[in-house]
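Q: based on what follows, work out the 3D shape:
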Amino acid sequence: IKKKQDISDNVRHLSVLCNIQYRILKSRAFMKNVSKQNKLTNRQPYIIRYYYKFSFTILNVFYNSKL
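A: Here you go, the predicted structure:
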């Protein structure tokens, strides 16, 4: 039971971490493209898709190593 609690806590920390990384990624992309606003809106779906892929991969690796 304690191990499961540890896993859920760690996953929570990990998701917070991924969220922060995503915000950094988004703000960096925004800063780069302030002058080219249209390009940013075109590129955003790719950034979001990449971010979700990345975070789920980390979560999967983490779960597999713990269980």
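Q: any idea how far N10 is from N60?
A: Taking CB to CB, to the nearest Å as the criterion, N10 is separated from N60 by 14 Å. Using the backbone N, CA and C atoms, a C-beta is placed for each residue, glycine as well.
Q: which of those two has more residues huddled nearby?
A: N10 (13 against 10; other CB atoms under 10 Å).
Q: just name the shakiest helix or strand of the chain by mean pLDDT.
A: Comparing every helix and strand of the chain by mean pLDDT, DSSP states H and E singles out helix 37-66 as the least confident one, with a mean of 66.
Q: and the host helix or strand of L25, average pLDDT?
A: In this structure, L25 is located in helix 2-32 according to DSSP states H and E. Model confidence over helix 2-32, given as mean pLDDT, is 70.
Q: check contacts around V11.
A: For V11, the contacting residues are 59, 62-63, taking CB atoms under 8 Å, 6 or more residues apart in numbering as the criterion.
Q: now do it against R23, distance only.
A: Distance from V11 to R23, by CB to CB: 19 Å.
Q: how about S55?
A: The gap separating S55 from R23 is 13 Å, by CB to CB.
Q: those two: which has the busier surroundings?
A: Here S55 and R23 are set side by side on neighbour count (other CB under 10 Å), and the busier one is S55, at 17 against 11.
Q: so that one sits against L25, correct?
A: No: taking CB atoms under 8 Å as the contact criterion, S55 and L25 are not neighbours in contact, 11.1 Å apart.
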